[in-house]
Every structure is written in C-alpha cells, then in structure tokens.
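Enquirer: predicted model follows, preceded by the sequence.
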Amino acid sequence: MPSPVRVRFAPSPTGFLHVGGLRTALYNYLFAKHHHGKFVLRIEDTDQSRMVEGAVENLIETLHWAGIDFDEGPGKGGEFGPYVQSQRLTIYHEHVKKLVQQGNAYHCFCSPQRLDEVRQRQIAMKLSPSYDRTCRDLPPSEVERRRTAGETSVVRMKVPLTGEMTFDDMIRGKVTIAYKVLDDQVILKSDGFPTYHLAVVVDDHLMKISHVIRGEEWLPSTPKHIILYRYFGWDVPLYAHLPLLLNPDKSKLSKRQGDVAVEEYRAKGYLKEAIVNFVAFLGWNPGDERELFSVEQLVEAFTIERVGKSGAVFNIEKLNWLNFQHLRMKSDNDVLLMLKEYLVQQPTKTRTSFDDKYLLGVIAAMRERATFVREFVEKSPYFLEPPSEYDPSVAKKRWKQETPALLKSYVEALSRYPEPGKEEFEAALKSTAEAAKKSPGDMIHPLRLAVSGVGSGPGLYDILTLLGKEETIRRIMRAIEKLA
RNA sequence: GGCCCUAUCGUCUAACGGUUUAGGACGCAGCCCUCUCAAGGCUGAAAUACGGGUUCGAUUCCCGUUAGGGCUACCA
C-alpha cells in the first residue's frame, strides 16, 4: 500500500447526489480512513452547459448529512487547492501547452459539423466511429497561421496508432485495450475548458492521489489517462473500478425507475445510518455474516479486496429492513427528538402538544412496529387524537350485541380506580369479563376497536395506560354511541 | 456495429479446487408465541446461465456460446 493514502471523490455538480455517487464517495472515504489516509472532495465542473445552480452546496450538504466528511475540498481548504476545476484553468492550460510542445497533443480545427459528417459516414460504412485524425500531422506553420487568424480549435491528445496497453485494476485484475480502438481524445475544448480526461489526470497528480476509486463506466477510458501520465512522466495511481448500481431491470441505476437522489431518501425518512449501511453492502461484504454496521465499523472492516465485480440491484426492501434495524438501535431519547421534529412539521390537526413522557410511551409501544420515525404516529394516529371512524370489518367481527353493556360495566369497574395503571386496567377487565361469564377476548377486541378505531396495534393495556382513565372512558362512551 | 466488463436462490451475497446434502440476509410461505398487529423463535420453497476442456476432483482455473451491462462526445 503506497503511503500516504490519498483518495478523492470527484463529482460533477449537475444536480443532486446520486446514490451511486454516495456509494463511490463512501468507498473512498472508508478506504481512506481504514488506511489512515486523506479523503479529498473535488468538484469537476468543466462542462459549463451542465452546471446546475446550488448543486455544489447541495452535494456538500448531503455528504455531510451522511457523515462522509472530507479532509480537503471546497470550503474546507487544503494544500493542493483550489478544489474546483473551473478555478484551475491556467493550470490545465500550462499542461496542455507542454503536451503540444512535446508533440504529444495537437490543435484540431475540425468543425463539429465536419466531425459529425465523418461519424455518420463511418456508421453508414459499419465502421466504428472515431476521429479521422485530419489535423494530427498539420505542419506547425499552418497551425500557427490558422491560430493567429483566429480560427477556433480544440486540442487533442495523440494516441499511439498501434500496440495495446495492459493495466492493473485492484478489483478486476489485468485489463488490456488496443490503442487502435482509442480516439485522439479532445483534452482542451474550444471554450478553453479541459475535458474530464485531462483535468482528472492533472488534478489527481497535483493532488497526490494514490488510488483512483471510481465507477466502472471509466474503465474503457483509463488507458487514455495512463497515456497522459506517461506523456507527463508521472507515476500512475492505482485504479479500482467499482461495479455499477443497477435498476431492478439491471440497467444502470437511473431516474424514472425509482428515486436515485440521496436527498429523496432522506426526505422519505430514511436514516443516514441505514442508507450508508445499505450502499456499503451493494458490492462489498465483510466476509462473515454480520450485516448491521455503523460507519466506524465499516471503516474498520472495509478492504478493497472484498469489493465484488458485478453490478448490484438497488433493493428497497432490504433498505427498509436496515432502516427498521437502525431505528431500533437508537435510544428512546434520540427517537423522541426525531419524533418531535417530525410532529412540528405536521399540519395543526396533529400538532396538539404532548409531553415527552407521553411521547416516550408511544415510542415504547410502537418500537417493534415502526420502520420510519413517522410511523410511530402514522401507524397509530389514535395516540394523537380519538378515532373518527371505526374499521367496519373489525366492527363486524368483534362488535357484538352484548358489547355495549360489557364495555359499560368496564367503565364502571374503572371508575373504582382513581388512577389506574396497566395492572389495574387489566384486572378491571378480567373481573368484568368474569362477572359477565365472558372470556377476556370478548372484551379486549371490541375495546381495542373502541379506543383505537382499528383492529391491530400494541397491547391493549399499553394503549389504555397511555391514554389514561378519562380518555379511555370518553372513547368507550363515544364508540358505544357511534357503533350502536 | 466495435471495444471492455460481468455472470451463485426473485434481490444483496458467502465459498479464494476437495471441510458443501452450495451457507447467510432481505422478501415470500407455514408453524410456535399471543388480546390483535408487530417483534422474536423454528421450518420451508428458492441458485452455481449453457457447452467444452484442465484436474484424481470443479461454483471456484481456461476456452467458446449465450445473456446483461458499460463505453464508443468539444458530457462526466
């Protein structure tokens, strides 16, 4: 392992952080931390046409929310900045100039129209489309003449005409690609911005990046990058190309087949712990049967050797289960805080103020039943307000002729206790049932319906205890009236 | 089309030539527990894409086929 370990996450700010991007960022982060190295964030904004307002801030915010903090990057600083490519234009220009002087790159005056024509012709002739290298060997005098005349040009790198390159990938092993299938890639666009291929090489070198951990979509262009490293006389970093994240139909994970923006999941109430745990396991596993991991535990366990080669389908069911697990691991107080935060955002209808003790009771009752924080009340609205209707199918099954009388006797029994607790609620019910020669079940089910309006939920006595004597009686009387 | 990558239950995956009747998890089904729903426990259905090699022995190594994906821009 080269030391020091320095890795980077280099997204383009074209929108929101994608879950695939989150995983790439996470793997880089885990790798860096596992090896006590540095994790750098670099913004690759070399395509002006795709710039999205606020995307950088959003990206950083989302990364921060997920707990993936970078050591160097925009807003954070570091000795190899600036960390935004649009602020490094002169650096790229110097390097391009050097390449041109060395004869490893050349100015190309071909217009987009001509390029397109060439491409169409090649496709029509069933050839693989590639630049025909018209400008590759232009006499220097002509290049000089046309440039001074103000003719627009781009700079292309020279790719060897014959031979092949084999490079090592930490995940895939040796990969070989023939030079002839590689284009003389544009490295400097006519607007003066570099393309990804030039910028990534220059920046990774200048920022002393030791390992390039990125998505598999970059595998075919890696030889171009290595050619550039050689032209510059630089050491080539180690590469690790991550398998792609897939839609259920196995195509590359994309919008329109479900949510891909991390903030969408965040808005839906997913815990960062669950999201991070989940994406970490898409393409990696610790080698044993543990599945529940905190970020710290992931740092400890993560190694690139255990990253798989094949794409992984983003399976929401498993994410939900992980959210449930991580939610359960939270302390009552943490959940209370999150629940209150959720309640404050709700319409006034349910914003009735409840004290912490009551809410803590709701949390205890719903612990095993909630996958999301909102479900603590969403699945049990009766804790916040009396039922406005009663599930007809439950009423049909549980609400019998003798029910009203039974419940009335229960109310009477309850009134004998000044402040009934769980035991008293239970004792009162059992004695009432016994006196009426009924089984507890004959009362429990209709009573549940009366106080909650539904047929399922936490233990009945837990519900009654939480609601309290007064509210319980109020709800019973109301149900008797409405279900008569 | 060309190039590259990939291929174990529906999904995420374990197995780094033999300890395998291919293990775990999610989901699904059943049973138990039980006032319901959950949670929990137990059980079950469910996979090595196909064909050739190599080997005493292949999920594991090699080749081919097939399938899927990625790349093929003055996008990243």
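Expert: Perfect, thanks for sending it. Residues are numbered from 1 along each chain as shown, chains lettered A, B, ... in the order given.

Enquirer: all strands for the stretch 301-450 of chain A, in order.
Expert: Applying DSSP state E, counting those that start in this stretch to the stretch 301-450 of chain A gives strands spanning A:312-313.

Enquirer: what does it put close to RNA strand B?
Expert: Within the stretch 301-450 of chain A, the positions lying close to RNA strand B (C-beta under 7 Å from any atom of the strand) are A:306, A:308-313, A:315, A:317-318, A:320-321, A:368-369, A:440-441, A:444-445, A:448. Using the backbone N, CA and C atoms, a C-beta is placed for each residue, glycine as well.

Enquirer: C-terminal to the helix or strand of chain A with the lowest mean pLDDT, what's the next element?
Expert: Least confident helix or strand, chain A: helix A:112-124 with a mean of 91, by mean pLDDT, DSSP states H and E. On the C-terminal side of helix A:112-124, the nearest following helix or strand under DSSP states H and E is helix A:140-148.

Enquirer: where does chain A have low pLDDT?
Expert: Residues of chain A that meet the criterion pLDDT under 70 lie in A:1-2, A:256-258, A:348-352.

Enquirer: quick one: furthest residue from the center of it?
Expert: residue A:435 (58.5 Å; C-alpha atoms, centre = their mean).

Enquirer: measure that one to residue A:423 for me?
Expert: 18 Å (C-beta to C-beta, to the nearest Å).

Enquirer: repeat for residue A:380
Expert: Residue A:380 is 22 Å from residue A:423, by C-beta to C-beta.

Enquirer: show me the contacts for residue A:146.
Expert: A:107, A:109, A:153 (C-beta atoms under 8 Å, 6 or more residues apart in numbering).

Enquirer: was I right about residue A:291 contacting residue A:281?
Expert: Yes. Counting by C-beta atoms under 8 Å, residue A:281 is a contact partner of residue A:291 at 7.2 Å.

Enquirer: these two - which one has more neighbours?
Expert: residue A:281 (18 against 13; other C-beta atoms under 10 Å).

Enquirer: and the strands in the stretch 151-300 of chain A?
Expert: Using DSSP E, counting those that start in this stretch, the strands of the stretch 151-300 of chain A run over A:154-157, A:164-169, A:173-178, A:186-188, A:211-215, A:238-242, A:245-246.

Enquirer: which residues are contacting the shortest one?
Expert: Outside strand A:245-246, the residues within contact range by C-beta under 8 Å, 6+ apart are A:19-20, A:23, A:252-253, A:279, A:282-283, A:311-314.

Enquirer: cutoff 6 Å now
Expert: Identification of contacts with strand A:245-246 by C-beta atoms under 6 Å, 6 or more residues apart in numbering yields A:20, A:253, A:282, A:311, A:313-314.

Enquirer: and the two most separated of the residues you listed?
Expert: Of all pairs drawn from those, the one with the longest distance (C-beta to C-beta) is A:20 and A:313, at 12.2 Å.

Enquirer: more neighbours: the two, which one.
Expert: Set side by side, residue A:20 and residue A:313 show more neighbours around residue A:20, with 22 against 14, by other C-beta under 10 Å.
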